[in-house]
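Asker: the sequence and its predicted three-dimensional model are supplied below.
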Amino acid sequence: MIEDAIVKLFRTNGMGEVKLPIRSVSGGFMHRMYRVNTDKGSYAVKYLNPEIMKRPKAMENFKRAEMLEGILEEAGISIAPAMTFQGRKMLEQDGEYFYFFRWLDGRTTDWDHITVDQCRQAGNIQGRIHSLQARTVEPTEPEISAIRWEEYVQEAERQHSVIAPLLKEHQELLEYAQGALNAARKALPDIECITDEDMDPKNVMWVDGKAVVIDLECLDYGNPVSHALQLALQWAGITTCDLNPELQKAFLEGYLEAYDNGFRDYGSVLGLAYTWIEWLEYNITRALGNCQDENEREMGITEVRNTIRRLQYLHEKEDAIRESLKQLF
């Protein structure tokens, strides 16, 4: 059991005796989080999704994220880093993998009540991250999305899955979104930096009004234009299908205070916002059975519905978003 593995790890690493029960707490959509109290303090433990860990490059990606986390920490970026044990951050027990964190007394933002100040702070942190190792790079062919939507429709129908009618109804939208995403990726400027594509509102804790970034496993190198645009839209309400141009403006103004990559034509690469299709594909696979258990399958079904709704909303708002970006830049 996961609880037994956690207890063993606390004992092995001299972190005290665990006070049962170990409580599950809300976390991200891929991994599971627990609050663990011991005679030495309170901790957050992240149990890494076994399906993610089976991916060929999973360990390589986590190691790179750990290295970049150290760079952010040295630069004084406000983050909650994973704890280190004898030079290691990721801990293994009985074939399961974990990260340990000191418990942080704060709260995440309610997606429906994000403030202008929070957007400005978040944008500023993202700008500071992007500024750390920003550089011009040689032109390369971008990663192209090549999701076979028709095959997913057929497999969903074969399984008589509840998502089958939804995928079939919106297949044309999904094909359009994939084309727009690929075109935008090809139009990006040739610049690169440290990025945290997962720094949306659910991954920022607020402690006494100040932002602390959590869940840093997605740290990588990437294009700052792509990530600034996508995160500005997420903080402005694209995730809840209630876009607020003032929040988008505040995020990007905070971003530009910390880092200006010189790019201005964000409207021309709005197709980057359709990166949601890759999250959709991941959840389609979960909904069709590639998951740990029934709870994760149900989460996959829910996220398929939510993500298609966001794609519809984004498609409806394209012109308005482009106009607001034009006014800002």
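Answerer: Looks like it came in fine. Residues are numbered from 1 along each chain as shown.
Asker: what's the local residue count around the closest residue to D265 other than its chain neighbours?
Answerer: Leaving out its chain neighbours, the residue that sits closest to D265 by Cβ to Cβ, 6 or more residues apart in numbering is F329, at 7.5 Å. Using the backbone N, CA and C atoms, a C-beta is placed for each residue, glycine as well. Neighbourhood size, F329 [other Cβ atoms under 10 Å]: 12.
Asker: please tell me how far F329 sits from A273.
Answerer: 16 Å (Cβ to Cβ, to the nearest Å).
Asker: quick one: G289 is in a strand?
Answerer: No: under DSSP: H, G, I helix; E, B strand; the rest coil, G289 sits outside any strand and is assigned coil.
Asker: please renumber so the chain begins at 493
Answerer: Okay, residue one is now 493; in that scheme the one you just asked about reads as G781.
Asker: now for it, how many residues are close by?
Answerer: If you count neighbours by other Cβ under 10 Å, G781 ends up with 11.
Asker: and the contacts of stretch 547-555?
Answerer: Applying Cβ atoms under 8 Å, 6 or more residues apart in numbering, the external contacts of stretch 547-555 come out as 544-545, 582, 709, 712.
Asker: same list (those residues) but as a markdown table, adding distance to N674 and secondary structure.
Answerer: Formatted as a markdown table, the contacts of stretch 547-555 follow (distance: Cβ to Cβ, whole Å; DSSP: H, G, I helix; E, B strand; the rest coil):
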| residue | distance to N674 | secondary structure |
| --- | --- | --- |
| I544 | 25 | helix |
| M545 | 29 | helix |
| M582 | 33 | coil |
| E709 | 26 | coil |
| D712 | 20 | strand |
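Asker: please check those residues and keep the buried ones.
Answerer: For the contacts of stretch 547-555, a neighbour count by 16 or more other Cβ atoms under 10 Å gives the buried set as 545, 582, 709.
Asker: follow-up on the earlier one: you'd agree the residue nearest to D757 is up against N753?
Answerer: No: under the contact definition of Cβ atoms under 8 Å, F821 does not touch N753, with a separation of 11.6 Å.
Asker: does S534 count as helix, strand or coil?
Answerer: Per three-state DSSP, S534 ends up strand.
Asker: and E808, which of the three is it?
Answerer: Quick answer, by three-state DSSP: E808 is helix.
Asker: quick one: pLDDT of it?
Answerer: The score at E808 is 98. That number is its pLDDT.
Asker: same question, F521
Answerer: On pLDDT, F521 comes in at 65.
Asker: repeat that for the one 10 residues further on.
Answerer: Confidence per residue is given as pLDDT, and for D531 that number is 88.
Asker: quick one: contacts for F755?
Answerer: 681, 683, 717.
Asker: so how far is Q610 from the most centrally placed residue in the chain?
Answerer: The centre of the chain sits closest to D690, judged by Cα atoms, centre = their mean, with a distance of 2.5 Å. Taking Cβ to Cβ as the criterion, D690 is separated from Q610 by 17 Å.
Asker: could you dump the contacts of F755 into CSV with neighbour count, distance to G568 and pLDDT added?
Answerer: Formatted as CSV, the entries for those read as follows, by neighbours: other Cβ atoms under 10 Å; distance: Cβ to Cβ, whole Å; pLDDT from 0 to 100:
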residue, neighbour count, distance to G568, pLDDT
P681, 16, 28, 96
I683, 17, 23, 97
V717, 23, 25, 97
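Asker: so which of these belong to helices?
Answerer: Secondary structure assignment by DSSP state H places V717 of the contacts of F755 in helices.
Asker: out of the contacts of F755, who's nearest P657?
Answerer: Distance to P657, by Cβ to Cβ, is smallest for V717 among those, at 36.4 Å.
Asker: ok, the closest one touching D682?
Answerer: No: checked against Cβ under 8 Å, the pair V717 and D682 is beyond contact range at 10.5 Å.
Asker: residues in contact with I514?
Answerer: By Cβ under 8 Å, 6+ apart, the neighbours of I514 are 495, 498-499, 526-528, 537.
Asker: quick check: phi and psi on it?
Answerer: When read as degrees, to the nearest 10, the backbone of I514 gives phi -80, psi 130.
Asker: tell me how far it lies from F755.
Answerer: As for I514, its distance to F755 is 46 Å (criterion: Cβ to Cβ).
Asker: go on, E642?
Answerer: Distance of E642 to F755, computed by Cβ to Cβ: 35 Å.
Asker: for L725, same thing?
Answerer: For L725, the distance to F755 - Cβ to Cβ - is 16 Å.
Asker: ok, now E633?
Answerer: 20 Å.
Asker: pretty sure R802 is touching C733, no?
Answerer: Yes: shown here, R802 and C733 form a contact pair, counting by Cβ under 8 Å, at 6.3 Å.
Asker: more neighbours: the two, which one.
Answerer: Ranked by neighbour count (other Cβ under 10 Å), R802 and C733 place R802 first, with 21 against 14.
Asker: and that one, which of the three is it?
Answerer: Each residue gets one of three states, and R802 gets helix by three-state DSSP.
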